[in-house]
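>>> can't give you the sequence, but here's the structure:
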């Protein structure tokens, strides 16, 4: 079986090691004899909405985010929206998560429109949330490292990915972390996220495979290193908060 | 691999394609130093890749053993 992963704006949104999520997806697929092709989709290109089964969109610096949000207002944003409407899955982190929502409202500047495929809104906060992040989810613990000043609030169509145990998550107020809407996942968890949260990696892989090959049962993997990494990270987070 | 992110590092190497039996996690600086020295040939070299914080802790252990001077004495 084969699988197509589109890495959105890897040249502009590439801090915090979020690229590790693409490596994790690729490895977990290849350990199951699924061959993955990864392509960069970035500003200046014309996006092919049919090609990706899974989109990955990581966090970036403000300068990168300005270029990206301008590109998404045009035909590339339409292509991404069409692809997601046609069953492609997406993992979005931090800045990528914010840009898939309705808008990002800076402190003293006009609102920046997002893609609007996640029912979330983000406004700039004054205090930056930097630190370990642990959330409980129905499928397992989510552990990572957050680094954002945006405050994200969920609308009724988006469900929280998890409930915050350590750290701030979406906004530091309502204990929610991340969002899920259809096959789109948003989270503030850097780290990279997926190597320590293999249940999330596998959920995304299953969704992506379903688009290309119909419903698939994923072969279980021996995740003892992932489990040990998660447990240690949770322990460190609880001690250091 | 040692330190507070040792399992994370071991997992990182797994995803880089390093074989499981070549990855070893050892808790405590002293035990990790012993294990690394035990795996090196006599007169050989041990390479340590560390964060700055971990390097100071490791160096502290080496100083306690009399292998190096404390860094403020260099």
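Now that the structure is in, tell me what you want to look at. What you are looking at is a predicted structure, and each value in this text was computed from that prediction instead of being measured.
>>> What average pLDDT does stretch A:171-180 get?
Throughout stretch A:171-180, pLDDT has a mean value of 98.
>>> Mind listing what's buried along it?
Buried positions in stretch A:171-180, judged by neighbour count with 16 or more other C-beta atoms under 10 Å in any protein chain shown: A:171, A:175, A:176, A:177, A:178, A:179, A:180. Just so you know, the C-beta spots here come from the backbone N, C-alpha and C atoms, and that holds for glycine as well.
>>> Run the chain-centre distance for that stretch.
14 Å (C-alpha atoms, centre = their mean, to the nearest Å).
>>> Would you mind listing the outside residues contacting it?
Contact partners of stretch A:171-180, identified using C-beta atoms under 8 Å, 6 or more residues apart in numbering or on different chains, comprise A:97, A:118-120, A:125, A:129, A:133, A:135, A:142, A:151-154, A:158-164, A:167, A:169-170, A:185-189.
>>> buried residues in stretch B:30-40?
For stretch B:30-40, using 16+ other C-beta under 10 Å, the buried residues are B:32, B:33, B:36.
>>> and of the residues you listed, the nearest to chain A?
Distance to chain A across those (C-beta to the nearest C-beta) is lowest for residue B:32, with 15.0 Å.
>>> ok, now which ones touch the closest one?
With contacts taken as C-beta under 8 Å, 6+ apart, residue B:32 has the following neighbours: B:2, B:26, B:58.
>>> I figured the second one hits residue B:2, correct?
Yes. Residue B:26 is in contact with residue B:2 according to C-beta atoms under 8 Å; the separation is 5.2 Å.
>>> Show the residue spans covered by the helices in chain A.
A:20-30, A:62-73, A:75-85, A:95-100, A:193-196, A:198-213, A:224-240 (DSSP state H).
>>> Please identify which of the contacts of residue B:32 is nearest to residue A:201.
Within the contacts of residue B:32, proximity to residue A:201 (C-beta to C-beta) peaks at residue B:2, which comes in at 26.3 Å.
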